[in-house]
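> coordinates only, sequence not included:
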């Protein structure tokens, strides 16, 4: 069965996912498009999905009888309403992060999905689909003994002026928050943030770098360096220390060269290249589940927990050095 | 346009490619199947392509009006006839290696395609589609100066009793023969083989390892270690030495571990895992070209040259230490 | 000029240093030995320095007219008195760590040396003489911009029952405390300790692993994993993150192997092998300075600061999660 | 016992070895110096060995009653005569390579030493004392099974105009010729040379790079890339392939950095830095043997075999592609 997909939001990521469904992946076709800019939706139609219908609103698209499943790739503040509408229509829905702009909004989605009774929502935490993280999880689960610590780093070469201190949590650390929970099969119980001497490359309204210390329910201690003006590259590091050994996230594939008195390989500088293959895999997973009328992968619950944890981390930023407790509601049975 | 593909040969590789077209890649559907075992073709139909028609012969499949393009994945000795039939029908044809079992057979295909006037044949030299080789080619072309030497190795953990000395060329070195020509944009002018002390792991009828020395028209000297009972893993190495520096084929992605007094990562042991991603890419390329009624990638000419070179290498095995000249016919304009 | 050295304490390390001076390094001879076990001193004489005089006490050895310089390698609780006696005698003195068992004792040595007016004391912080740390310091000083963070780890395969929680500071972290001050040319202003879930390999009276967080006067944030039952090896890691890039302490030299489906190299398991070459270098430095009647390298002040910092870290262990301030006295001009 | 050493030849290497004996290593003193330039010998005396006597000729130095052992570091053409004189005097003698400028000359030394009846000569093949090669030998001997192949490279950034094609053997490959025999405990039976396309960086009278193929008595096949204008660095590579696995010579210790979109470490460019530590070790070995009135390490026989092998390689250069047999005389019992 070919899944007939409607895409809401035809900006960069919406177009990119449309291209995936049309040109790369088997099993789905884009039959509907919507954007707050009707012209943008028309352009996406012309370029990528000539047979798709363009709808004036996301709500109409969700309601369309020939749309089996929804991709929400619109601006973040609109996600909650579209996802709730998809759940109301009983249609599988892939939602780019954030699931909602507040923890309360995410909770409303969780409640709606629980009321619906089966999973319909997949959140776009693509790192869970990255081949490197998947290999790492396999090794962590089977070879290094009980995990005790994680040393991680999330480094960007630079960020624009509009990137302020809390965005280091909401836009950057959010990926580690989700993927480390998944990697460890664990939840967070506290967060602490300390600020090293600020890099002179960071603008005045951003404290950069930051060190975020997380503690999990099982007692794992995590340190994450968040450094968004590191200048040298886009670099994601993750080392898990278990009772019997260590395992590291692989570096991206690169050509080792000997040139000019150096042994070296390139480091990526554009975040879009780092996990590009995982977008294919997450949508493949979405298609497969949607063919069965449901969703799998990162859930609305995961989106909700990420929102709660992010909020605690921002509180920790505002209270440097203080350990901020994180309390989660009871996990509904739907998400076990 | 969705390409309607007919698959001749539904053994392991034929089924695997059918799965790719049906479940992984956008742009094609398998509409026809044939195998010398009708039951095998039926089983593939049942498992992977319920809507496909099963034909009694490859010739009927090629002739079928609703078949746009052909995959030849049958046993090697049948390739030549099917490819010639596909050319006669004017249909794009992907042929697993070998293109033919003799250089003369490959030449007949080249002649037929040249007579047809446009490319229709893609040979299954998948390494050209491997991400690592592609990155290596980019670096070789732009960063290390004129290539002067290549140091390569092709190692298998072990081979069965049926694997005899010449198969180290026809079944193993054949991949380096093709991919190094492509990597260097060059042709071979001589071959020499020397045999180190034989490994005690090799059976009596196989001289293993072997060192093959190739010389190219541009003067590049290539040494390839072929060691098919190396025991430790399936390991493909390629280092290009240019006037200004070196570049190495990347190792497959792996998790670096610290365990039991060792810093280590796994090496693959099954050849099927090493280039698995490249099969997707080569078929994607085939689909794209077939949509335009033609073929791209490794050509019938490449298959022909590989056959001539292989024959010279086997002669070099039979005359250890002697440098055997390799003379190629003039390349038809179709392949420039 | 050959320096005539007296060695106080002929246990394992005392004998090893005696061997160095007698058999490895140019410029010094051991002319005097003492140990609380006269028999042990006699044995060292017989094995390593037949022409040396054995003294009944360290005090007599220090006073001997033909002794130019002193090595204090006796048990830790005796260090302070011998070093003070050496200063009183105006003789250069190399003292294995700890300089004294308390910060107050270290301060008495500092005061005595300041009163003497020139440096006479070198403390056995041998990592400053390790080729890897020296290369790292060169890179940190010149290539990666202002240091902002350090990620470090100190891992031992296992420790005996007698090793209790505070020893993770006094016996283990003490090396990072000294070498990171030197590496960064900085001092500590606070310490925090958090305890991950304890490894099941650790005995009941030891909290293992530990994460120690240090803050420096210049604002560098340091995290040190101390894990003394890591099982897999003796492993010292140090990564410095600067404004423009990162630098890592090199791994010990090792043979990379491909064996048994693994690409690997050995990790050391015995701490004595890790910095063995640096003992030669530190004594070479001591000899060179002693020839001029003075001392260089890690000073009494460094020993004192290490003691103060260690005390703060133990307080931080006793108050998990609390940031403990570290206040240093003014540095005497002698140590600038 | 302190060995009293006389140094003949006070150029760069002679001065450097004098410095080692005077300032670095225990167990020896330089008591005599000679050079064809008396002023040069005087200058070395003034700078490094004020208490040494300067002799007008090497012969007088060798004859001096207070000289226990000789270092021959004069120009190559004078080595044979000095070494023969040292043997005649019954004094241990360290001779920098070449032992003699011809195989016949080396044979005369072997004959003289055999007639003397005990070893007196150590040749300056310092790689045997390199920590990396020693670790490699340990692994080759114990972990990877019977050696079958060696892949090696000897690369220099550039050479002067005076460096001609045969020097790639006599001055460069000579190190691999010796160290691989020692590593494999084997001898050569044939040599072949092929020339890749010449690097445009090489001057007109030098064919560069070269590939030298050696075969040993035990059947090991060795390929050595000699590339003396590789531009990027001084780089020595050695990989041994055994029946059960591979082992690689370690890279020199270096700081891994992440800087400017690259993960990298420096490669050495000056050959003098690559094996600098091994000079200390070879002279330590010489001192220890000289204290017992004999010599160990690389022998006159090793020097002779290296000369025979080099001559065959030059013949192979002159007959590109031809396999040149290498026949060695019977090894005298003294060298077993």
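Noted; the coordinates are in hand. Since the structure is predicted, the reported quantities are computational estimates derived from the model, not experimental observations.
> from here on, just use CA atoms for contacts and neighbour counts.
OK.
> check contacts around the residue in the stretch 1-150 of chain A positioned nearest to chain C.
When distances are taken as Cα to the nearest Cα, the stretch 1-150 of chain A reaches nearest to chain C at residue A:148, 5.9 Å away. Contacts for residue A:148 were tallied using Cα atoms under 8 Å, 6 or more residues apart in numbering or on different chains; they are A:219, A:220, A:221, A:240, A:241, A:242, A:243, C:196, C:197, C:198, C:199.
> how far away is the residue nearest to it when sequence neighbours are not counted from residue C:321?
Leaving out its chain neighbours, the residue that sits closest to residue A:148 by Cα to Cα, 6 or more residues apart in numbering or on different chains is residue A:220, at 4.7 Å. Residue A:220 sits 14 Å away from residue C:321, going by Cα to Cα, to the nearest Å.
> cool, and residue A:86?
On the measure of Cα to Cα, residue A:86 and residue C:321 end up 45 Å apart.
> so which of the two has more stuff around it?
Between residue A:86 and residue C:321, residue A:86 has the larger neighbour count (other Cα atoms under 10 Å in any protein chain shown), namely 26 against 19.
> quick check, central residue of chain A?
Centre of chain A computed as the mean C-alpha position; nearest residue by Cα atoms, centre = their mean is residue A:125, 2.7 Å away.
> can you tell me the SS state at the closest residue in space to residue A:248 that isn't next to it in sequence?
Nearest residue to residue A:248, sequence neighbours excluded (Cα to Cα, 6+ apart): residue A:239, at 4.4 Å. Secondary structure for residue A:239, judged by DSSP: H, G, I helix; E, B strand; the rest coil, is strand.
> residue A:239 against residue A:245, yeah?
No: applying Cα atoms under 8 Å, one finds residue A:239 not in contact with residue A:245, separated by 10.5 Å.
> and chain A, which residues reach chain D?
Contacts of chain A with chain D, taken as Cα under 8 Å from any Cα of the partner chain, map to A:231-233, A:258-269.
> burial count for residue A:76?
Neighbours of residue A:76 (other Cα under 10 Å): 15.
> what of residue A:331?
10.
> how close does residue A:235 get to residue B:158?
In terms of Cα to Cα, residue A:235 sits 38 Å off from residue B:158.
> okay, those two: which has more neighbours?
Neighbour totals were compared for residue A:235 and residue B:158, and residue A:235 leads with 23 against 18 (other Cα under 10 Å).
> contacting residues for the residue lying closest to that one once chain neighbours are set aside?
Spatial nearest neighbour of residue A:235, excluding adjacent residues (Cα to Cα, 6+ apart): residue A:155 at 5.1 Å. Neighbouring residues of residue A:155 by Cα under 8 Å, 6+ apart: A:225, A:226, A:227, A:228, A:229, A:230, A:233, A:234, A:235, A:236.
> how about 7 Å then?
By Cα atoms under 7 Å, 6 or more residues apart in numbering or on different chains, residue A:155 lies in contact with A:226, A:227, A:228, A:230, A:234, A:235, A:236.
> what pLDDT does it get?
Residue A:155 is assigned 98 on the pLDDT scale.
> ok, what's across the strand from it?
Beta-bridge pairing of residue A:155 under DSSP bridges involves residue A:227, residue A:235.
> where does chain A come near chain B, residue by residue?
A:22-27, A:135-136, A:244-250, A:253-259 (Cα under 7 Å from any Cα of the partner chain).
> can you tell me how far the residue nearest to the centre of chain A is from chain B?
21 Å (Cα to the nearest Cα, to the nearest Å).
> residue A:309 - how many residues pack around it?
28.
> same question but for residue A:191, I mixed them up
Quick note: residue A:191 (other Cα under 10 Å) scores 27 neighbours.
> before we move on, which element is it in?
Per DSSP states H and E, residue A:191 falls inside strand A:188-194.
> equivalent analysis for residue A:47, please.
Going by DSSP H and E, residue A:47 is part of helix A:38-48.
> strands paired with whichever helix or strand comes after that helix, and their directions?
Counting by DSSP H and E, the next helix or strand C-terminal to helix A:38-48 is strand A:53-55. Next to strand A:53-55 in the sheet, as set by DSSP bridges, lie strand A:28-34 (parallel).
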